[in-house]
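**Q** Let me see the structure of the following:
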Amino acid sequence: MKHITIVGDPASAGRALGSAYKDTLERIIWGEALAGLAGTGSGAPSRRMLRLIQADFPDEYAYIEALADGAILDVTRFFDMYSLELGWTFGPVPPVISFMTALPRADGDRTDTGTPALGVIIDAPPPLFPMASLITRRPQRGYAWIELGFVPFSGAFLGINERGLALALGLKPTEGDGEGVMPVSLSVRRALSDCSNVRDAASLLTETPRGASGFVSMADTLAALILEFTPDAAQLRTPQEAAPIFTAQHFLAPGMMGRDIPHAETYPDDAPEGLRYRRIYESSERRFDAAHTALSVTHPLTGRDLTDLLADTGTGLTTDGPHYQTLAGAVLLPRRASIFLSTWEDAGAYTRYGLND
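**A** Okay, the predicted model is just below:
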């Protein structure tokens, strides 16, 4: 996976990234690089998204406009592409899903210091794998951060900033009555830039219009939470005492379970081949049961415990299915402002990426 560092204001960052990924962006916009993903990624949602971001989030619009300039492409094409993140585009088949656990205490030194951590497994269709990117951002204004994202999408799917705020996003089949057109990954990036703790990040994420349903796991140096959301509702889940909390694709917060799709519901006949007519939450329920087994321990889990768990294909936490496959595992340690990352290319080996070295 390519790792690049970008320094400067949003326009400088956008131009640098657009230039770095020009060939990939051309293949996405003009070719069939995303064939097999649900949705068309065009039309009214993308035009509404452009108007919303241009009016209400000028820094984000300046970044996207400069990204298009750096890639020598029409900026409207980027909003067509970004609408693939919207629930009314992808329906029951999100482009990226995740298994996530938030631990109220964990530490890379194997000492019980009460330090929170996140463990994340990111799954996607294999055509997205070469479009994953790891970016270190050092802006003129706001906090520095490291993020993992995808070239066709607008923001971050996991990341950590210099203050130790760690966030990870997983999308899910969308329900709810909202008509938001803001990609949640873009809001995750804004939180990494602007927020120093989980409470501020949760406020930003819940107050920003959302165009999809899913989860954001979050941790700082003091707390770990999971936010469950639809376009028109959201609720936080917090750990009970020292027990880890985790999530796959079905809601578990009391206020959100009644909003979820029925667990017996199956993928429709226009879903990607391999998913059709299977129960949508079959994999999610399997992972939930596997997580209960893997994380039901009485001692404090350490960062090394987490990397070992996520790298072990025998735990049942990873995915090797007909549509989704595991792209990466990551452990995010707020106290160290670091990510330990292993991608499909690394054969279970983890590499550390830190901001405060």
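
**Q** low-scoring stretches of the stretch 101-250 of the chain, by residue?
**A** Scanning the stretch 101-250 of the chain with the threshold set as pLDDT under 70 gives 106-114, 176-179, 241-242.

**Q** any chance you could map the helices in the protein?
**A** 10-20, 22-30, 44-56, 58-71, 75-82, 87-90, 184-194, 198-207, 254-257, 282-295, 303-311 (DSSP state H).

**Q** Mean neighbour count for those helices - can I get that in CSV?
**A** All C-beta atoms are positioned from the backbone trio N, CA, C, and that covers glycine. What follows is those, written out as CSV (neighbours: other C-beta atoms under 10 Å):
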stretch, mean neighbour count
helix 10-20, 20
helix 22-30, 17
helix 44-56, 17
helix 58-71, 20
helix 75-82, 21
helix 87-90, 22
helix 184-194, 25
helix 198-207, 18
helix 254-257, 14
helix 282-295, 17
helix 303-311, 21
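
**Q** need these in JSON lines with distance to D270, can you?
**A** Formatted as JSON lines, the helices of the chain follow (distance: least, C-beta to C-beta, whole Å):
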{"stretch": "helix 10-20", "distance to D270": "33"}
{"stretch": "helix 22-30", "distance to D270": "22"}
{"stretch": "helix 44-56", "distance to D270": "18"}
{"stretch": "helix 58-71", "distance to D270": "30"}
{"stretch": "helix 75-82", "distance to D270": "20"}
{"stretch": "helix 87-90", "distance to D270": "12"}
{"stretch": "helix 184-194", "distance to D270": "24"}
{"stretch": "helix 198-207", "distance to D270": "31"}
{"stretch": "helix 254-257", "distance to D270": "27"}
{"stretch": "helix 282-295", "distance to D270": "19"}
{"stretch": "helix 303-311", "distance to D270": "33"}
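
**Q** which one of those lies closest to Y350?
**A** Set against Y350 and scored by C-beta to C-beta, the helices of the chain come closest in helix 303-311, at 4.9 Å.

**Q** Which other helices and strands does that closest one contact?
**A** For helix 303-311, the helices and strands in contact under the criterion 3 or more C-beta pairs under 8 Å, 6 or more residues apart in numbering; DSSP states H and E are strand 117-124, strand 325-333, strand 338-343.

**Q** so which of the ones you listed is the most packed in?
**A** Of all those, strand 117-124 has the most neighbours on average by mean count of other C-beta atoms under 10 Å, namely a mean of 27.

**Q** what's the angle from it to strand 338-343?
**A** 30 degrees (axes from the mean of the first three to the mean of the last three C-alpha atoms, to 10 degrees).

**Q** Can you list the helices and strands that strand 117-124 packs against?
**A** Strand 117-124 packs on strand 97-103, strand 156-161, strand 166-172, strand 213-219, helix 303-311, strand 325-333, going by 3+ C-beta pairs under 8 Å, 6+ apart.

**Q** rewinding a little: to E175, which of the helices and strands packed on helix 303-311 lies closest?
**A** Short answer: strand 117-124, nearest of those by C-beta to C-beta, at 20.2 Å.

**Q** can you state the direction angle for the closest one and strand 156-161?
**A** Using the same axes, to 10 degrees: strand 117-124 against strand 156-161 is 160 degrees.

**Q** mind checking how far strand 117-124 is from the chain centre?
**A** 8 Å (C-alpha atoms, centre = their mean, to the nearest Å).

**Q** likewise stretch 182-198?
**A** 11 Å.

**Q** ok, F153 - contacts?
**A** By C-beta atoms under 8 Å, 6 or more residues apart in numbering, the contact set of F153 is 81-82, 84-85, 95-96, 183, 185.

**Q** Export those residues as JSON lines, with columns for distance to V151.
**A** Below are these laid out as JSON lines (distance: C-beta to C-beta, whole Å):
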{"residue": "M81", "distance to V151": "9"}
{"residue": "Y82", "distance to V151": "11"}
{"residue": "L84", "distance to V151": "12"}
{"residue": "E85", "distance to V151": "13"}
{"residue": "P95", "distance to V151": "12"}
{"residue": "V96", "distance to V151": "13"}
{"residue": "P183", "distance to V151": "14"}
{"residue": "S185", "distance to V151": "12"}
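
**Q** farthest-separated two in the residues you listed?
**A** Using C-beta to C-beta, the two most remote members of the contacts of F153 are M81 and V96, lying 13.9 Å apart.

**Q** For the closest residue in space to G18 that isn't next to it in sequence, report the pLDDT, please.
**A** Closest residue to G18 apart from its sequence neighbours, by C-beta to C-beta, 6 or more residues apart in numbering: G70 at 2.5 Å. Per-residue pLDDT puts G70 at 91.
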